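Chemist: have a look; sequence and predicted model below, questions after that.
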Amino acid sequence: MFGFGEKNIGIDLGTANTIVYVEGKGIVLREPSVVAKSTKSGEVIAVGAEARAMIGRTPASIQAVRPMKDGVIADYDTTVAMMKYFIQKALGHSSGKPYVMVCVPTGITAVEKRAVIDATRVAGARDAYVIEEPFAAAIGAGLPVMDPTGSMVVDIGGGTTDVATISLGGIVSSRSVRMAGDKLNESIAQYVRQKYNLLIGERTSEQLKIDIGSASADAAKEIKAVPVRGRDLVTGLPTTVEISGTDVNKAINESVMAIIATIKETLEETSPEIAADVIDHGIVLTGGGALLRNITDVIAEATQVPVSIASDPLDCVAIGTGESLKSINVMKKKQ
Ligand SMILES: Nc1ncnc2c1ncn2[C@@H]1O[C@H](COP(=O)(O)OP(=O)(O)OP(=O)(O)O)[C@@H](O)[C@H]1O
């Protein structure tokens, strides 16, 4: 397909995590989308897991930033530096610039899409192409995207939730909302601050969500409370508070409801034929948010459609992006 020795890669450039897929090898890199920089010179100090460990713990001279926000590039130069590092790390010493396929949320503007393509080129790609995230997720989840049957995929990532119905190799209807894992973390931190006067960091609220978060109020009652350390807003001193499953459920409920509303709206605008197919095959969840406890039950109850989680939900978009490298020649002609 390409010249001898050329490597082609797929990148799931996520708000929370970046995953790199190398053609012929599969997923070779999976790291948080975080960069630590010198506040003075802007020099990159660490990227990925090493930089993530620094969040909330940096001295004034270092800043740990997440250059992607809500599924799009928030800090262009830092995104370029991060991608450059990941591309080099994924390809090792192999020579030649790669062709790169990057996934983007469905709802982004032409300018935002252009920024992703430009950043990928500046980061070292011979050329860059984009694929819509839910389409990649559906391929990665093993859905029959090319068949004349409707499939529905809901990708709940860090920055965005992308919902789409797919049939005959294309997206039939889709919605993207900037409401996903990060919003849940923010809501938990806000709830804990308001109810317990306790200030907790981004990593602590995410850990609470993963450890004791549930989308179902009933199921949340059964979850054991955990001690959480933070700073008391009144005394200013470090302190420990017990946070329950119900606390976390209450904190995230509004965001979960917004995700469900988006799924319902997308279902409402599909043709009767596709809706019938979706009822037969069910809705498939991908992305890290699919791992939230009882999320399948609450979506199934609200939509009256069976819901399942793809195997390896965190990897689906990257696998689908990688798989789509096969069709890069066709996409080249279209762009
Ligand atoms: N067990 C879990 N329970 C709930 N949420 C989880 C769990 N594991 C991971 N997550 C959440 O999944 C999100 C990351 O998912 P993913 O890697 O699919 O997103 P992303 O691709 O980086 O984001 P986006 O697609 O929006 O750009 C984070 O918000 C993380 O907290």
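Modeler: Alright, I've got the coordinates.
Chemist: which parts of this protein are helices?
Modeler: Per DSSP state H, the chain carries helices over the ranges 49-52, 76-91, 110-122, 133-140, 181-196, 202-212, 217-221, 245-268, 272-281, 295-303, 316-323, 328-334.
Chemist: which one of those lies closest to the ligand?
Modeler: Nearest of the helices of the chain to the ligand, taken as Cβ to the nearest ligand atom: helix 181-196 at 1.9 Å. C-betas here are computed from N, CA, C, even on glycine.
Chemist: need the contact partners of that closest one.
Modeler: 15-16, 70, 156-159, 198-202, 204-206, 208-209, 213, 228, 230, 233, 241, 243, 247-248, 250-252, 254-256, 287-289, 292 (Cβ atoms under 8 Å, 6 or more residues apart in numbering).
Chemist: now, of those residues, which are buried?
Modeler: In those, burial by neighbour count holds for 15-16, 70, 156-159, 198-201, 204-206, 208-209, 213, 228, 230, 241, 243, 247-248, 250-252, 255-256, 287-289, 292, counting by 16 or more other Cβ atoms under 10 Å.
Chemist: out of those, who's near the ligand?
Modeler: Among the buried ones among the contacts of helix 181-196, the residues lying close to the ligand (Cβ under 6 Å from any ligand atom) are 15-16, 157-159, 206, 209, 213, 287-289, 292.
Chemist: of all these, which comes closest to Gly92?
Modeler: Taking Cβ to Cβ as the measure, Gly92 lies nearest Ala16 of those, at 25.0 Å.
Chemist: which one is that closest one nearest to, not counting chain neighbours?
Modeler: Nearest-residue entry for Ala16: Gly158, 2.9 Å, with adjacent residues in sequence omitted and distances by Cβ to Cβ, 6 or more residues apart in numbering.
Chemist: Val153 too?
Modeler: Ala138 (4.4 Å).
Chemist: what's the answer for Gly24, then?
Modeler: That would be Lys7: by Cβ to Cβ, 6+ apart, it lies 8.0 Å from Gly24.
Chemist: neighbours of the one you found, just the number please.
Modeler: 21 (other Cβ atoms under 10 Å).
Chemist: where does pLDDT dip in the stretch 201-335 of the chain?
Modeler: Regions of the stretch 201-335 of the chain meeting the criterion pLDDT under 70 cover residues 328-335.
Chemist: sorry, back to before: which residues touch the residue nearest to Ala16?
Modeler: Contacts for Gly158 (Cβ under 8 Å, 6+ apart) come out as 14-17, 180-182, 288.
Chemist: Asp315 too?
Modeler: When the contact criterion is Cβ under 8 Å, 6+ apart, the partners of Asp315 are 19, 27, 30, 140.
Chemist: do the same with Arg52
Modeler: 32, 34, 64.
Chemist: on the pLDDT front, check the nearest residue to the first one once chain neighbours are set aside for me.
Modeler: Nearest residue to Pro32 in three dimensions, chain neighbours excluded: Arg52, at 4.0 Å (Cβ to Cβ, 6+ apart). What the model reports as pLDDT for Arg52 is 92.
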